[in-house]
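> from the sequence below, what's the structure:
(chains A and B)
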Amino acid sequence: MQYSKDMFEFIPKEEKNYNRVVRPSLTYGQDVWRMLRKNKLAMGGLVFLIIIVLAAIFGPMLSKYSYTAQNLDFADIGPSAQHWFGTDKFGRDLFVRVLEGARISLTIGFVASALSVFIGILYGGISGYFGGTVDNIMMRIVEAIYAIPMTIYVILIMVVLRGGLNSIIIALTISFWVTMARIVRGQIMSLKEQEFVLAAKTIGASPLRIILKHLIPNCLGPIIVTLTLSVPDAIFQEAFLSFIGLGIAPPLASWGSLASDALGGYQLYPYQLVFPALAISLTMLAFNLLGDGLTYALDPKTRR
Amino acid sequence: MLKYILKRILSSIITIWFVITVTFILMHAIPGGPFTSDRKLPPAVELNLNTKYGLDKPMIVQYGTYLVNLVHGDLGLSMSTVGLTVNQVIAGSFPASLKVGICAILFALIIGVILGIFAALQQGKLWDNLCMIIATIGVAVPSMILGPILIYVFAVQLGWLPAVGLDLPSNYIMPAIALGLYYMSFISRLVRSSLVDVIKLDYIKVARAKGLSKGKIILKHALRNSLIPLITYLGPITAGVLTGSFVIETVFGIPGIGREFVQSISNRDYTTTLGVTVFFCAFLIAANFIVDLLYMVVDPRIKLED
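Reported below is the predicted structural model:
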């Protein structure tokens, strides 16, 4: 067939603008951030968490007290200008101890969550991607672990490992990764039949590459939300361990150990319980609010 | 149906076996035996004790004996309380835990559902916000802190409720609240969101078009369907109340199985720790199983895959 010039005509002027981009396109991250910023409660939580993290890092350096320094002349005195949160029964400054507790509690929360996310993603990714017998066996194991509350595992592991920061992190990781593995597996099962995975397969991408580069980035949303909620969970569990005497050993302090130390005399010295309790509860609240906001912001279905 | 039940029972047995094995390995990985703690025992006494509890036999034999005994429902002898079997320890302490646990679950369910209904009906208004604030705070306060605060306010300062023990009916109020508040918060949020969804459905519009009163629509039509997701949550609640009892029973001085478990850990009473763990697992697996069956009965739309 021959093409001649008169077979074509110019499009009307107004149609030329049809393909022009009116608004700059947003990446997924920018879009989530835009949604999150509108949510005042979630932003409040985020700001609070940033403040707590900064205070935990820099606070103990700036204070003139050390968290181990005992001064029996000033034991059990209430909050004052010198000791903002008062002192404990050994005369240690509670403000510094709460900040030191923030270091330990947040470290436990973040490290245990990060490790369990890492393991959970790999396990869930492999199980979900390969399916069939591999999936069957891997998920039976996960189900067996999942049927029992993780508190019991954590306690048993702690009984074996006997205290210390590392043992707590290991114990929490061992019990936390299961939830993450289940979530990642579920997401990957629903994603792996889609065309972009088929496309990657046809050009010869290895399974590992498909899992890491194509599938996991697409289930980041639920992963981030679970991560946000598992950090306070870890802090909670640590407080629980301290309560039953399997937590951090003194003179180190975590929020949980500070609270459970204060429980002995809280009717006489309520402030010793109030400050660590507030620290735990407010952090918990902040993480939960942020998690709720993120759930909403990361879900593409809530877009208009 | 029958096939499903059989399959579930089989997988439950496998899970319990898995837990027993893991617990057994963990318990025996602990450095030092139960009799090597504070004071040094004469070698003859230690030998006798080890023989009595079968600790001198090879690991695999101990494991075998334990499994065989378990099949017969025998959890062995308690190592710290002389002359008491683990079965007796559990039988003596479980009723108290069960009563407190049931109170906590009832509290969480009743108050949680009521708050959830209020919030859903008043969506976006004062009541909704109030209920959701309560629910958010309830999730944020750990029970090890809530318990002492309750005791301090209601027992020490106001003197309204007894602080410890389980002698009076009023003894159950504070432990039930401390144990159930977290789940109450969760339930109220669950009921709210599920009710909000159900209210939008067509059959509610029909009911309204028929001229039914608002109360009748909510109670008779909407609530029934919106409570279905709640049933799946009963399993996790049972588990949570069980583990929560470790703290609550210590705080409120309740002679229950949770306190027994915590004490067995600090006493290095392996057989009790192991036995109570196995008991917990069996109990939870049974609870989850019942919940699944209940789910099927309540909602005929759900077909469990064989």
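
> now the helices for chain A?
Along chain A, counting by DSSP state H, helices occupy A:13-16, A:28-38, A:40-62, A:94-130, A:132-146, A:150-161, A:165-191, A:195-202, A:207-209, A:220-243, A:255-262, A:270-298.

> oh sorry, the question was meant for chain B
Under DSSP H, chain B gives helices at B:2-29, B:43-52, B:59-71, B:86-121, B:126-140, B:143-150, B:173-199, B:202-209, B:214-216, B:223-226, B:228-251, B:257-266, B:270-298.

> for those helices, give me CSV that also has mean pLDDT.
As requested, the helices of chain B are exported to CSV (pLDDT from 0 to 100):
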stretch, mean pLDDT
helix B:2-29, 80
helix B:43-52, 72
helix B:59-71, 80
helix B:86-121, 86
helix B:126-140, 81
helix B:143-150, 82
helix B:173-199, 85
helix B:202-209, 84
helix B:214-216, 80
helix B:223-226, 78
helix B:228-251, 80
helix B:257-266, 81
helix B:270-298, 80
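
> gap between the residue nearest in space to the middle of chain B and B:Ala282?
With distances taken as Cα atoms, centre = their mean, B:Leu242 lies nearest the centre of chain B, 2.6 Å away. Separation of B:Leu242 from B:Ala282 (Cβ to Cβ, to the nearest Å) stands at 12 Å. Placement of C-beta: from N, CA and C, glycine included.

> same check, this time on A:Leu191
From A:Leu191 to B:Ala282 the distance is 37 Å (Cβ to Cβ).

> over to A:Ser260?
30 Å.

> neighbour-wise, which of the two wins?
A:Ser260 (24 against 17; other Cβ atoms under 10 Å in any protein chain shown).

> up against chain B, what does chain A have?
Residues of chain A lying close to chain B by Cβ under 8 Å from any Cβ of the partner chain are A:140, A:143-144, A:147-149, A:151-152, A:155-157, A:159-160, A:162, A:236, A:239-240, A:243-246, A:256, A:259-260, A:263, A:266-267, A:270, A:273, A:277, A:280-282, A:284-285, A:288-289.

> so B:Ser170 touches B:Ala163, yeah?
No - using Cβ atoms under 8 Å as the test, B:Ser170 is too far from B:Ala163 to be in contact (10.9 Å).

> who has more neighbours, these two?
Taking neighbours as other Cβ under 10 Å, B:Ser170 and B:Ala163 compare with B:Ala163 leading, 17 against 11.

> find the nearest non-adjacent residue to the more buried one, please.
Spatial nearest neighbour of B:Ala163, excluding adjacent residues (Cβ to Cβ, 6 or more residues apart in numbering or on different chains): B:Ala155 at 3.8 Å.

> list the residues that contact the one you found.
B:161-163, B:174 (Cβ atoms under 8 Å, 6 or more residues apart in numbering or on different chains).

> hang on, the earlier thing: most tightly packed of the helices of chain A?
When the helices of chain A are scored by mean count of other Cβ atoms under 10 Å in any protein chain shown, the highest mean neighbour count falls to helix A:255-262 (a mean of 26).

> need the helices of chain B in a markdown table (columns: distance to A:Lys64).
Conversion of the helices of chain B to a markdown table gives the following (distance: least, Cβ to Cβ, whole Å):
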| stretch | distance to A:Lys64 |
| --- | --- |
| helix B:2-29 | 45 |
| helix B:43-52 | 52 |
| helix B:59-71 | 55 |
| helix B:86-121 | 46 |
| helix B:126-140 | 32 |
| helix B:143-150 | 29 |
| helix B:173-199 | 38 |
| helix B:202-209 | 65 |
| helix B:214-216 | 63 |
| helix B:223-226 | 57 |
| helix B:228-251 | 36 |
| helix B:257-266 | 37 |
| helix B:270-298 | 45 |
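
> make CSV out of those and add distance to chain A.
CSV is the format used below for the helices of chain B (distance: least, Cβ to the nearest Cβ, whole Å):
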stretch, distance to chain A
helix B:2-29, 4
helix B:43-52, 20
helix B:59-71, 15
helix B:86-121, 13
helix B:126-140, 4
helix B:143-150, 4
helix B:173-199, 10
helix B:202-209, 21
helix B:214-216, 29
helix B:223-226, 20
helix B:228-251, 4
helix B:257-266, 5
helix B:270-298, 5
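
> ok so, going back, now the contacts of B:Ala155: which count as buried?
B:161-163, B:174 (16 or more other Cβ atoms under 10 Å in any protein chain shown).

> so B:Leu115 sits right up against B:Ala135, yeah?
Yes - counting by Cβ under 8 Å, B:Leu115 does reach B:Ala135; the two are 7.0 Å apart.

> mind listing the shared neighbours of the two?
With Cβ under 8 Å, 6+ apart, B:Leu115 and B:Ala135 have common neighbours B:184, B:188.

> which parts of stretch B:282-299 are buried?
B:282-285, B:287-289, B:291-292, B:295-296.

> any idea how far B:Ala29 lies from A:Gly125?
Distance, B:Ala29 to A:Gly125, by Cβ to Cβ: 30 Å.

> again, but for A:Val98
A:Val98 is 39 Å from A:Gly125, by Cβ to Cβ.

> A:Ala102 and chain B, how far apart?
16 Å (Cβ to the nearest Cβ, to the nearest Å).

> grab the nearest non-local neighbour of that residue.
Nearest one to A:Ala102, counting by Cβ to Cβ, 6+ apart, is A:Ala56 at 3.7 Å.

> dump the residue contacts of that neighbour.
A:99, A:102-103, A:106.

> looking at those residues, which is nearest B:Gly101?
Nearest to B:Gly101 among these: A:Leu106, at 32.4 Å, using Cβ to Cβ.

> my guess is the closest one meets A:Ile52, correct?
Yes - the pair A:Leu106 and A:Ile52 passes the contact test of Cβ under 8 Å, sitting 7.2 Å apart.

> where does A:Pro250 fall, phi/psi-wise?
phi -60, psi 150 (degrees, to the nearest 10).

> what's the closest residue in space to it that isn't next to it in sequence in contact with, if anything?
Using Cβ to Cβ, 6+ apart and skipping residues adjacent in sequence, the residue nearest A:Pro250 is A:Ser257, 7.3 Å away. Applying Cβ under 8 Å, 6+ apart, we find A:Ser257 in contact with A:101, A:242, A:247-248, A:250.

> again, 7 Å this time
A:Ser257 is in contact with A:242, A:247-248, counting by Cβ atoms under 7 Å, 6 or more residues apart in numbering or on different chains.

> can you add pLDDT and give the contacts of A:Ala56 back as CSV?
Converted to CSV, the contacts of A:Ala56 look like this (pLDDT from 0 to 100):
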residue, pLDDT
A:Leu99, 85
A:Ala102, 86
A:Arg103, 86
A:Leu106, 88
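
> nearest spatial neighbour of B:Phe283, chain-adjacent residues omitted?
Nearest one to B:Phe283, counting by Cβ to Cβ, 6+ apart, is B:Leu242 at 7.3 Å.

> ok, the one you found touching B:Phe279?
No - the pair B:Leu242 and B:Phe279 does not pass the contact test of Cβ atoms under 7 Å, sitting 10.2 Å apart.

> and the nearest residue to A:Met284 once chain neighbours are set aside, how far from A:Leu298?
Leaving aside its sequence neighbours, A:Met284 sits nearest to B:Ala140 (Cβ to Cβ, 6+ apart; 3.9 Å). Distance of B:Ala140 to A:Leu298, given as Cβ to Cβ: 22 Å.

> and B:Ala178, by the same measure?
For B:Ala178, the distance to A:Leu298 - Cβ to Cβ - is 34 Å.

> for B:Pro300, give me the pLDDT.
Note for B:Pro300: predicted pLDDT of 67.

> scratch that, A:Ser116
Looking at A:Ser116, its pLDDT reads 90.

> what's the spacing between it and B:Lys7?
Applying Cβ to Cβ to A:Ser116 and B:Lys7 gives a distance of 30 Å.

> cool, and A:Ser113?
34 Å.

> if we can go back for a sec, if I pick the residue nearest to B:Phe283, what's in contact with it?
Taking Cβ under 7 Å, 6+ apart as the test, what B:Leu242 contacts is A:149, B:101, B:280, B:284.

> cool, thanks, signing off.
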